[in-house]
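1. Fold the stuff below for me.
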Amino acid sequence: MIKHIVAWNIKQDAPQDAAQQIKTALESLAGKIDGLIEIKVQTNLVAGSNRQILLDSLFESEEALAVYQAHPLHVAAAQIVGTLAYDRICLDWHC
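-> Take a look at the predicted model:
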């Protein structure tokens, strides 16, 4: 299995509900992409955090992660995230 973690900051000019929009867009992918086991978005990070939004997801394999990244539903969600967030960091590992 592959753990896929991504974190962002919200753009200053983003609407007040930007975090919720990102959460909705990404969590709506659950059950729609083969190999995606679990997907959660955290928006209640504590003040000392370096990022404001956290995507925590789990995939069956590296191949499943690659399918997810190219999947049209993910691409559409990523476009929403890109309009609202910046300063992306990503970590992937075998678990």
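
2. Please make it C-alpha for all contacts and neighbour counts, starting now.
-> Noted.

3. and residue 89, which of the three is it?
-> Using DSSP: H, G, I helix; E, B strand; the rest coil, the structure places residue 89 in strand.

4. Let me fix that, I meant to ask about residue 37.
-> Three-state call for residue 37 (three-state DSSP): strand.

5. And the helices in the chain?
-> In the chain, the segments counted as helices under DSSP state H are 18-27, 62-70, 72-84.

6. So which residue is smack in the middle of the protein?
-> Geometric centre of the chain, nearest residue: residue 55, 3.9 Å, by CA atoms, centre = their mean.

7. Report the distance from stretch 56-74 to the chain centre.
-> 11 Å (CA atoms, centre = their mean, to the nearest Å).

8. For it, C-alpha coordinates in PDB please.
-> Output for stretch 56-74, consisting of C-alpha atoms alone and laid out as PDB, is shown next (Å, rounded to 0.1, in the frame of the first residue of the first chain):
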ATOM      1  CA  ASP A  56      -4.400  12.000   3.800                       C
ATOM      2  CA  SER A  57      -5.000   9.200   1.400                       C
ATOM      3  CA  LEU A  58      -4.200   5.500   1.000                       C
ATOM      4  CA  PHE A  59      -3.700   3.600  -2.200                       C
ATOM      5  CA  GLU A  60      -3.400  -0.100  -3.100                       C
ATOM      6  CA  SER A  61      -0.100   0.400  -4.900                       C
ATOM      7  CA  GLU A  62       2.100   2.900  -6.700                       C
ATOM      8  CA  GLU A  63       0.300   2.000  -9.900                       C
ATOM      9  CA  ALA A  64      -3.000   2.900  -8.200                       C
ATOM     10  CA  LEU A  65      -1.600   6.200  -7.200                       C
ATOM     11  CA  ALA A  66      -0.500   6.900 -10.800                       C
ATOM     12  CA  VAL A  67      -4.000   6.000 -12.000                       C
ATOM     13  CA  TYR A  68      -5.500   8.400  -9.500                       C
ATOM     14  CA  GLN A  69      -3.200  11.300 -10.400                       C
ATOM     15  CA  ALA A  70      -4.200  11.000 -14.100                       C
ATOM     16  CA  HIS A  71      -7.900  10.300 -13.500                       C
ATOM     17  CA  PRO A  72     -10.200  13.000 -14.900                       C
ATOM     18  CA  LEU A  73     -12.100  13.300 -11.600                       C
ATOM     19  CA  HIS A  74      -8.800  13.900  -9.700                       C
END
